[in-house]
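Participant: Provide a 3D model corresponding to the input given below.
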Amino acid sequence: MNTTDTDGPAYRLLPGAPDSPVILHVPHGSRAIPADVRSGILLGDAALERELDLITDAHTREIAARAARDAPVTPWRFVNERSRLVVDPERFPDEREEMRAVGMGAVYTRTTHRAPLRPEPPRDEAALLARYFEPYAQAMTRAVEDRLTATGRAVVVDVHSYPSRALPYELHGTGPRPPVCLGTDPFHTPDALLAHARTAFAPLGETGRNTPFAGTYVPLRHYGRDRRVTAVMLELRRDLYLDEPVTPHPGLDAVAAALTDLIRMETSDPA
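Facilitator: Residues are numbered from 1 along each chain as shown. Below is the predicted model of the structure:
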């Protein structure tokens, strides 16, 4: 099994260069589920392994690590060390979250195929939010504040992947599924950042905008308030670098190189 008792930290901030404004955010790359959280999940072991195959953004941690290694100015990396089946740190923790309609708010109660994952409502939701969601959000906020203090700006690059075929949980799964989807926010994604992302990922094929997934992650303290915080979400269609669902192929090198190029552009040419 890939579930674990997991005594280590629930997230890691991996330092970059002091003068880098870039934070690579990797929220969905882990399969780790602590044993006490596992006990509240209804799936058997084999079904849970299959669900982890489908829901995990496999090898996104490796993509971010390679890009950080190769970038001329090393970015910072904020990496979730728990599966999104523990909590999803990118969801709103309340009724603002549209994915609650399919049982995928901050604490999931349904699988990718809308089957039961936890009892509804989950008995441990408040405890999970207090234990995992809130400390994660606070730490990511501090990471952004540190980049603002050090460099005068912060660039959050959200590193995700998505399956080549829509899964039943997707609310907007009928639209185009380009090789690279760029999730943007009208306040936090300036034209220059979007142009840099399109240029960097052009070698991989078409880049779409906000399809099939939209938006990007910004800490709530800064969201809609501080234009010094810019952000873009990378949704990499998994067949670009995987034999789906989880086996990497040589395309991973090209994906990492494109992310490296985006970091270079945002570090050397922020305008």
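
Participant: ok, Val246 - how many residues close by?
Facilitator: Using other Cβ atoms under 10 Å, Val246 is surrounded by 14 other residues. (Each C-beta comes from the backbone N, C-alpha and C, glycine too.)

Participant: and it, what is it in contact with?
Facilitator: Taking Cβ atoms under 8 Å, 6 or more residues apart in numbering as the criterion, Val246 is in contact with Asp53, Thr56, Ala58, His59.

Participant: how close does it sit to Leu13?
Facilitator: Counting by Cβ to Cβ, to the nearest Å, the separation of Val246 from Leu13 is 26 Å.

Participant: just Arg91 next, same as before
Facilitator: 21 Å.

Participant: Please say which of those two ends up with more neighbours.
Facilitator: Neighbours of Arg91 and Leu13, each counted by other Cβ under 10 Å, are more numerous for Arg91; the result is 20 against 16.

Participant: is it fair to say the more buried one lies in a helix?
Facilitator: No: per DSSP: H, G, I helix; E, B strand; the rest coil, Arg91 lies outside any helix segment and is coil.

Participant: Wait, it touches Glu97, no?
Facilitator: Yes: at 4.9 Å, Arg91 counts as touching Glu97 under the criterion of Cβ atoms under 8 Å.

Participant: Mind listing the shared neighbours of those two?
Facilitator: By Cβ under 8 Å, 6+ apart, Arg91 and Glu97 have these common neighbours: Gly105, Ala106.

Participant: in the stretch 51-200 of the chain, which spans are strands?
Facilitator: Taking DSSP state E, counting those that start in this stretch to define them, one finds strands in the stretch 51-200 of the chain at 76-80, 154-162, 180-183.

Participant: got these as CSV, with mean pLDDT columns?
Facilitator: Shown next, in CSV, are the strands of the stretch 51-200 of the chain (pLDDT from 0 to 100):
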stretch, mean pLDDT
strand 76-80, 98
strand 154-162, 98
strand 180-183, 98
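
Participant: Turn these into CSV, including mean neighbour count and distance to Asp19.
Facilitator: Listed next are the strands of the stretch 51-200 of the chain as CSV, based on neighbours: other Cβ atoms under 10 Å; distance: least, Cβ to Cβ, whole Å:
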stretch, mean neighbour count, distance to Asp19
strand 76-80, 24, 11
strand 154-162, 24, 13
strand 180-183, 24, 26
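
Participant: And those: which comes nearest Glu266?
Facilitator: Closest approach to Glu266 among the strands of the stretch 51-200 of the chain is made by strand 154-162 (5.1 Å; Cβ to Cβ).
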